[in-house]
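> sequence plus predicted model, see below.
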Amino acid sequence: SHDSAKRRLTILGSTGSIGTNTLDVIERLGGRERFDVVAVTGNGNIPLLAEQAVKVRAELAVTANDSQYENLKAALAGTGIQVAAGKSGLIEAAERNADWVMAAIVGNAGLAPTLAAARRGADIALANKECLVSAGSLFIDAVKKGGGRLLPVDSEHNAIFQVLEEHQRHAVERIILTASGGPFRTKSLEEMRHVTADVARAHPNWSMGLKISIDSASMFNKALEMIEAKHLFALEPAQVEVIVHPQSVIHSMVGYTDGSVLAQLGCPDMRTAIGYALSYPSRCSLPIERLDFAKLSRLDFEAPDEVRFPAIRLARRAMVEGGVQGAVLNGAKETALDAFIAGRTGFLAMAEIVEKVMDKLADLPAAATMDDVFAADEKARHLAAGLLR
Ligand code: NAD
Ligand code: MG
């Protein structure tokens with residue numbers, strides 16, 4: 001059934017934290033009455049992916065994991081839902097004619113499929129910050145050339161997007177990204193040295209996937225978000241500020257040349273940002289918990305500590321050096337993070353590895369094409385893996 005009045009949606013990374021929240025928002029905003037889901041994609045969790053595909057009557061379900069192809073096929077036998085696998089399967093999902101694509105694959109693995117959707121002009125709801133960290137202006141250019149909208153879903157960038165009106169862009173002085181400070185905000189370096197992934201994943205305010213939760217503990221998540229913001233809002237490095245705000249009620253702020261600061265506030269629930277990206281330029285109605293200011297009574301702020309959280313300093317360096325340093329920072333970080341999760345390296349070693357790899361690759365030329373971005377990412381991973389041995 002092809003009803004042209006319905007919007008056609010694809011969710012890349014539907015089985016993750018953002019993906020399941022996206023399907024929840026779609027359901028609440030009218031489900032199959034208003035939307036056709038074209039494709040859903042996952043990785044290892046085949047039962048959930050199959051259940052989602054059946055529930056939303058997707059045309060195509062894709063597992064990123066080639067070895068799970070037969071499992072997914074078996075799980076969807078008799079449903080009429082098409083099945084694909086691997087990197088080519090993800091590209092196929094991205095290239096199907098959805099009007100709106102949620103980019104919620106975690107890590108650099110999300111870059112190629114998101115680019116494919118951007119190039120053919122889909123509106124991109126961008127949760128995957130790695131696209132902008134690694135590919136920067138090349139990614140922005142691909143979206144512009146494709147002709148679709150770039151709708152930030154990362155809560156900070158969504159907040160800025162909400163309060164930054166196009167006609168006032170010239171008057172933006174700075175943006176202020178808020179950071180919860182993570183579970184180790186008040187911990188000493190010594191206390192952080194021996195923490196395990198299980199301890200590091202416990203985020204105080206947000207419920208998120210494993211990797212971004214640990215990145216929040218090391219503040220590499222904020223580091224990625226600084227670079228993401230620079231590209232998204234065409235800022236100079238010095239215009240990107242970070243303030244630790246433990247309650248995560250202010251999701252970020254924009255400071256203007258007249259001294260005004262505009263902020264977006266809300267309870268920490270990603271469905272606000274997802275709903276905004278789906279309904280833009282309108283607003284939708286969502287059952288998010290409402291802020292009770294009397295109950296809150298106070299909001300706290302503190303400067304980030306770049307000695308305990310060197311990721312912030314490394315992000316600033318990557319922004320200033322430019323070129324492919326974003327891809328290098330991210331590639332090295334992903335390799336170090338995987339090793340930390342596997343228990344093969346320490347929590348503090350992650351930033352040390354990233355810094356060493358950035359030192360070694362400081363002279364790489366800026367990327368002229370996406371291939372240069374992928375090559376820089378690959379080099380960074382290789383060097384980081386060498387340092388782990
Ligand atoms: P998650 O780990 O919960 O989900 C990741 C999704 O990607 C899953 O569907 C998984 O199956 C899929 N996936 C994993 N490895 C893959 C691979 N190699 N190839 C293809 N698909 C793969 O992660 P998440 O928390 O939902 O985060 C997704 C993205 O959104 C990340 O880039 C993250 O930084 C960003 N983000 C998340 C939140 C949040 O609240 N969770 C907030 C802001 C931004
Ligand atoms: Mg964020």
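Ah, there it is. Numbering: from 1, shown residues only. Ligands and ions are numbered 1, 2, ... in the order given.

> so what pLDDT did Pro204 get?
With respect to pLDDT, Pro204 has a value of 84.

> phi and psi next, for it.
phi -70, psi -30 (degrees, to the nearest 10).

> which other helices and strands contact the helix or strand hosting Met253?
Using DSSP states H and E, Met253 falls within strand 250-256. In terms of contacts (3 or more CB pairs under 8 Å, 6 or more residues apart in numbering; DSSP states H and E), strand 250-256 is packed against helix 155-163, strand 172-179, strand 261-265. For glycine as for every other residue, the C-beta is placed from the backbone atoms N, C-alpha and C.

> show residues contacting the longest one.
Translated: helix 155-163. 126, 151-152, 175, 177-178, 206, 225, 228-229, 232-233, 250-254, 262-264, 268, 270, 272-273, 276-277 (CB atoms under 8 Å, 6 or more residues apart in numbering).

> one step back: ok, the strand holding Met253: who's next to it in the sheet?
Paired strands of strand 250-256, with direction, are strand 172-179 (antiparallel), strand 261-265 (antiparallel) (DSSP bridges).

> which one of these lies nearest to Ser297?
strand 261-265 (14.5 Å; CB to CB).

> in the closest one, what's buried?
Neighbour-count burial for strand 261-265, counted by 16 or more other CB atoms under 10 Å, picks out Leu262, Ala263, Gln264, Leu265.

> helices and strands around the helix or strand following that strand, which ones?
The first helix or strand that comes after strand 261-265 along the chain, using DSSP H and E, is helix 271-279. When contacts are defined as 3+ CB pairs under 8 Å, 6+ apart, helix 271-279 packs onto helix 17-28, strand 100-103, strand 123-126, strand 150-152, helix 155-163.

> taking the mean pLDDT, what do you get for the host helix or strand of Ala327?
Per DSSP H and E, Ala327 falls inside helix 325-341. Computed over helix 325-341, the mean pLDDT rounds to 98.

> can you give the distance from whichever helix or strand comes after it to the centre of its chain?
Per DSSP H and E, the first helix or strand lying C-terminal to helix 325-341 is helix 349-360. Helix 349-360 sits 22 Å away from the centroid of its parent chain (CA atoms, centre = their mean, to the nearest Å).

> tell me how many other residues crowd whichever residue of the chain sits closest to ligand 2.
Closest approach between the chain and ligand 2, counting by CB to the ion: Asp154, at 4.2 Å. Asp154 has 27 neighbours, counted by other CB atoms under 10 Å.

> roughly how far apart are it and Ala273?
Between Asp154 and Ala273 the distance is 7 Å, computed by CB to CB, to the nearest Å.

> now do Ala61
25 Å.

> picking up where we left off before, can you tell which of the strands paired with strand 250-256 is closest to Ala349?
Closest approach to Ala349 among the strands paired with strand 250-256 (CB to CB): strand 172-179, 21.6 Å.

> can you give the domain ranges for the protein?
Per automatic domain parsing, the domain ranges recorded for the chain read 7-152, 157-268+288-388.

> for Asp24, which non-adjacent residue is closest in space?
Arg271 (6.5 Å; CB to CB, 6 or more residues apart in numbering).

> contacts only, for the one you found.
Asn21, Asp24, Val25, Leu286, Ile288.

> next one: Ala318
Contacts of Ala318 by CB under 8 Å, 6+ apart are Ala223, Ile227, Gln325, Gly326, Val328, Leu329, Met358.

> pLDDT score for it?
On the pLDDT scale, Ala318 gets 98.

> also Met192?
97.

> buried subset of the contacts of Arg271?
Those of those that meet the buried threshold are Asn21, Val25, Leu286, by 16+ other CB under 10 Å.

> give me the number of residues near the closest residue to Ala125 other than its chain neighbours?
Nearest residue to Ala125, sequence neighbours excluded (CB to CB, 6+ apart): Ala277, at 4.0 Å. Here the number of neighbours of Ala277 (other CB under 10 Å) works out to 24.

> now swap in Ser297 and tell me
So Ser297, with other CB under 10 Å, has 7 neighbours.

> helix or strand: which one has the closest residue to Thr369 other than its chain neighbours?
The spatial neighbour of Thr369 that comes closest, neighbours along the chain excluded (CB to CB, 6+ apart), is Leu138 at 7.5 Å. According to DSSP H and E, Leu138 maps onto helix 137-146.

> tell me the mean pLDDT for that helix?
98.

> Ile264 against Ser252, yeah?
To be clear, residue 264 is Gln; Ile isn't right here. Yes: with contacts defined as CB atoms under 8 Å, Gln264 counts as touching Ser252 at a distance of 6.8 Å.

> still on that earlier bit, deepest-packed of the helices and strands packed on strand 250-256, please.
helix 155-163 (a mean of 24; mean count of other CB atoms under 10 Å).

> with only the CA atoms kept, save that one in PDB.
Output of helix 155-163 as PDB, limited to C-alpha atoms (Å, rounded to 0.1, in the frame of the first residue of the first chain):
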ATOM      1  CA  SER A 155      20.000  16.900  22.700                       C
ATOM      2  CA  GLU A 156      22.500  19.800  23.000                       C
ATOM      3  CA  HIS A 157      22.500  20.500  19.200                       C
ATOM      4  CA  ASN A 158      18.700  20.000  19.100                       C
ATOM      5  CA  ALA A 159      18.400  22.600  21.900                       C
ATOM      6  CA  ILE A 160      20.600  25.000  19.900                       C
ATOM      7  CA  PHE A 161      18.600  24.300  16.700                       C
ATOM      8  CA  GLN A 162      15.400  25.200  18.600                       C
ATOM      9  CA  VAL A 163      16.600  28.600  19.900                       C
END
